[in-house]
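Sequence and predicted structure are below.
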Amino acid sequence: PLFHDPVDRAAMPVHDGIADFGGYGAVNRPIELSGSWAVSWLGGGTGANRPAVGTHAVLRVPGPWRGAAYAGGQLPESGVARFEAVLRGLPPGRYQLYLAPITAASRIIVDGEVQSSRGTIGVDKATVRYDIRSQTVPLVSTGRDLDVRIEMASILHRENGLQESPVIGATQPMEDWYALKWARMMLYDLSLLLIAALGMALFLYRPRDRASLYFGLACLAYLPNASIIGFDNVLLIAFPGLTFQTMMAIQYFGGTISIVFFFATTHALYPRESPRGVFAAVVGVFCVHFLSQIVNFLVLGDTLAASHIQRGFIILTLATLVWVVVILVRAAMRGREGALVFLLGIALFVASFAVEAVVVEGWVPADRAHAYEFISLGVLMVLFSQMLLMAERFSLAVMRAEDSNADLRELIAVNTAITSDLQLRPLLERIVGVTSRIIHADRTSLFLAGDLGDDAATGPHRLGPHKSGQGDELAALVAEGVGSGQIAFASGTGLAGHSFRTGEIVAVSDAYADPRFNAAIDAQTGYRTKSALSIPITTRDGRRLG
């Protein structure tokens, strides 16, 4: 429910600077004022072809003004402009107008009076000051036309124009919408903080678990971005004295560090599916990007150039996330631990991030990309999938430790029995039983070498083929699953015979696919062997006993 957006995005499009509410009825839900707004150029710009003050145009909102046509040319990237819309036929009552944070200095003017402002409007770097915060303006309608103007100065950043449409609604529906947006943002930020703490806590208790550390650091580095991008700029609410340059540096550096640690998490979890060379190359490219931004912020102080370079970062991040999906698909197909859960979480995030990327790059207008609102949901899915993955890995680690302790207790008990048990067969049966439990085998047999002779060959419990009088043979002193029956065969046959003759450890995953396997034993015991492990018993002086 937190990610349901009640905004009506198509009810009241603005046409040529006029939003006609006639016939709409009661405004009982927030309405997005998208469409074609009237724009007047107020100054700024570079080059001989910059627009004259007072130049008029009609621009799409949401969207940039750069490159938009007017009589005589195209609007430049930087400058000062005024967006104007007349609200016609708005039913009498109290309303609120919401404007999302704009990467510019801005102010809202209603019927000629300034109702809200963020930063200082100026035509160059020396006179402009940014304050990237949202704005909320109360409106009172008497039924007459309301003239709404939004003035903005875009000088220090590549973004220009109204990238998100203003939203208007009656007071109560708007306050409900604010509460929903704040709840979503707080859930987003708190999830990042708590999962960052969880990841680093797991690493403190299990230093070998570097993946948890990397993911915790990725969440921590991304937290400033999550606080800046959203319903309002929480970072500036907490630290109102931050300059625009400092805020941008925190945002850009944090984003780069976050994606590098996130990629490192995937590489640490699935190193067999993530080639080391590709990992090093991707991290190297991000490091070059990081250094270029350090030069822009700390040496040149050029936030405009930094914002242009950041466009490449968005494409690089998208490519990295697609590669992460490829790694996870390969890991899931190979049955790697937790890969499927991770893949489900990252798939939704990559889809929503791809939509954001095409909107930021200007390939698709924001009002046509409704999934643009759901990137926070995608991030939360990644966070919660990682939380499940951490819990799964921690639980499995505890279970493995418990199993190891149980196996160790069994081995200690066998050690004790060796020194205290005077009967050989019960002792060997115990050793064989413990071996089966430790390696999770269905059955285990202990074969000793010797010559059984004709009497053994004709015994009532004799199992398996045996030709007497032909030298060394292997006979099962202990054989699980055959009761009191005996298994014996010539020492050169079967997997066990090969292991005995050569002194090699034999491990096969498909016994019937190995030509050395003796299938006659299975035929007589009724058990079908799938995989097998055979280890020779050798004395200190090199003699093989079985």
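Perfect, thanks for sending it.

Quick one: low-confidence residue ranges for this structure.
Confidence mapping of the chain against pLDDT under 70 gives the ranges 1-3, 47-48, 355-378, 421-422, 451-471, 484-485.

So in it, which helix runs the longest?
Looking across the chain with DSSP state H, the single longest helix is helix 375-420.

contact partners of the helix or strand that that one is followed by?
Per DSSP states H and E, the first helix or strand lying C-terminal to helix 375-420 is helix 424-439. Residues outside helix 424-439 that contact it (Cβ atoms under 8 Å, 6 or more residues apart in numbering): 407, 410-411, 413-414, 417-418, 421, 441-446, 477-478, 480, 533. (Each C-beta comes from the backbone N, C-alpha and C, glycine too.)

go with 10 Å
For helix 424-439, the external contacting residues (Cβ atoms under 10 Å, 6 or more residues apart in numbering) are 403-404, 406-408, 410-411, 413-414, 417-418, 420-421, 423, 441-446, 448, 476-481, 533, 535.

and if you look at stretch 499-512?
Contact with stretch 499-512 is made by 447-449, 472, 474, 491-498, 514, 516-519, 522, 528-538, 542, 544-546, as judged by Cβ under 10 Å, 6+ apart.

switch to 8 Å and redo it
Applying Cβ under 8 Å, 6+ apart, the set of residues contacting stretch 499-512 from outside is 447, 449, 474, 491-492, 495-496, 498, 514, 516-517, 519, 529-536, 538, 544, 546.

Inside helices: which ones of those residues?
Taking DSSP H, the ones among these that sit in helices are 495-496, 498.

Can you select the buried ones among those residues for me in PyMOL?
The PyMOL selection below is limited to those of the ones in helices among the contacts of stretch 499-512 classed as buried (16 or more other Cβ atoms under 10 Å):
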select buried, resi 495+496+498
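
any idea what sits nearest I168, other than its immediate chain neighbours?
L97 (5.1 Å; Cβ to Cβ, 6 or more residues apart in numbering).

How many residues are close by the one you found?
23 (other Cβ atoms under 10 Å).

part of a helix, is it?
No: when DSSP: H, G, I helix; E, B strand; the rest coil is applied, L97 is found to be strand, with no helix at that position.

hang on, it packs against L139?
Yes: using Cβ atoms under 8 Å, L97 makes contact with L139 at a distance of 5.7 Å.

Between the two, which contacts overlap?
The contact sets of L97 and L139 overlap at 110, 168 (Cβ under 8 Å, 6+ apart).

Need the nearest residue in space to G345, chain neighbours excluded.
Excluding the flanking residues, the one nearest G345 by Cβ to Cβ, 6+ apart is S385, at 2.7 Å.

and the gap between the one you found and T435?
S385 is 39 Å from T435, where distance means Cβ to Cβ, to the nearest Å.

Look at the two and report which has more neighbours.
More neighbours surround S385 than the other of S385 and T435, with 21 against 17 (other Cβ under 10 Å).

residues in contact with that one?
Shown in contact with S385 (Cβ under 8 Å, 6+ apart): 341-342, 344-346.

Out of those residues, flag the one nearest to D124.
Closest approach between the contacts of S385 and D124, by Cβ to Cβ: I346, at 43.5 Å.

Which of the three states applies to the closest one?
I346 - assigned by three-state DSSP - is helix.

still on that earlier bit, if any of the contacts of helix 424-439 are buried, put those into a PyMOL selection.
The following PyMOL line selects those of the contacts of helix 424-439 that are buried, judged by 16+ other Cβ under 10 Å:
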select buried, resi 410+414+444+445+446+476+477+478+479+480
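
Now do the helices in the chain.
So, for the chain - with DSSP H - the helices run 171-205, 210-228, 234-238, 244-269, 276-294, 303-333, 339-360, 375-420, 424-439, 453-457, 494-502, 520-525.

now for those, which one comes closest to A68?
helix 339-360 (17.2 Å).

Give me the helices and strands touching the closest one, please.
helix 244-269, helix 303-333, helix 375-420 (3 or more Cβ pairs under 8 Å, 6 or more residues apart in numbering; DSSP states H and E).

can you do 6 Å?
Helix 339-360 sits against helix 303-333, helix 375-420, with contacts defined as 3 or more Cβ pairs under 6 Å, 6 or more residues apart in numbering; DSSP states H and E.

can you list these in TSV and add distance to R60?
What follows is those, written out as TSV (distance: least, Cβ to Cβ, whole Å):
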stretch	distance to R60
helix 303-333	20
helix 375-420	22
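
Strands of the stretch 51-200 of the chain, residue ranges please.
For the stretch 51-200 of the chain, the strands defined by DSSP state E, counting those that start in this stretch occupy 56-61, 69-70, 73-74, 79-88, 93-99, 105-110, 113-118, 135-141, 146-154, 167-170.

mind listing what's buried in the fourth one?
Along strand 79-88, the positions that meet the burial threshold by neighbour count (16+ other Cβ under 10 Å) are 79-87.

Looking at these, spot the one nearest G312.
G79 (24.3 Å).

check contacts around the residue nearest to the closest one when sequence neighbours are not counted.
Excluding its sequence neighbours, the residue lying closest to G79 (Cβ to Cβ, 6+ apart) is G44, at 3.4 Å. The contact partners of G44, taken as Cβ atoms under 6 Å, 6 or more residues apart in numbering, are 78-80, 123.

who touches D111 in this structure?
So D111 contacts D147 (Cβ under 6 Å, 6+ apart).

Could you tell me the phi and psi values at it?
Per-residue torsions, D111: phi 50, psi 40 (degrees, to the nearest 10).

Contacts only, for P51.
W41.

swap that for L75, sorry
65, 68.

want to try a markdown table for the helices of the chain, with distance to R107 as columns?
Converted to a markdown table, the helices of the chain look like this (distance: least, Cβ to Cβ, whole Å):
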| stretch | distance to R107 |
| --- | --- |
| helix 171-205 | 20 |
| helix 210-228 | 21 |
| helix 234-238 | 17 |
| helix 244-269 | 16 |
| helix 276-294 | 30 |
| helix 303-333 | 21 |
| helix 339-360 | 25 |
| helix 375-420 | 28 |
| helix 424-439 | 75 |
| helix 453-457 | 103 |
| helix 494-502 | 84 |
| helix 520-525 | 86 |
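
out of the ones you listed, which comes closest to G93?
helix 171-205 (8.1 Å).

Comparing the helices and strands packed on helix 339-360, which comes out most buried?
Highest mean neighbour count among these (mean count of other Cβ atoms under 10 Å): helix 303-333, with a mean of 17.

now that one: how far from the chain's centre is it?
12 Å (Cα atoms, centre = their mean, to the nearest Å).

What is that helix packed up against?
Short answer (3+ Cβ pairs under 6 Å, 6+ apart): helix 303-333 packs on helix 244-269, helix 276-294, helix 339-360.

For D189, find the nearest of these.
Among the helices and strands packed on helix 303-333, the nearest to D189 by Cβ to Cβ is helix 244-269 (13.2 Å).

So for that closest one, what gets flagged as buried?
In helix 244-269, counting by 16+ other Cβ under 10 Å, buried: 244-245, 247-269.
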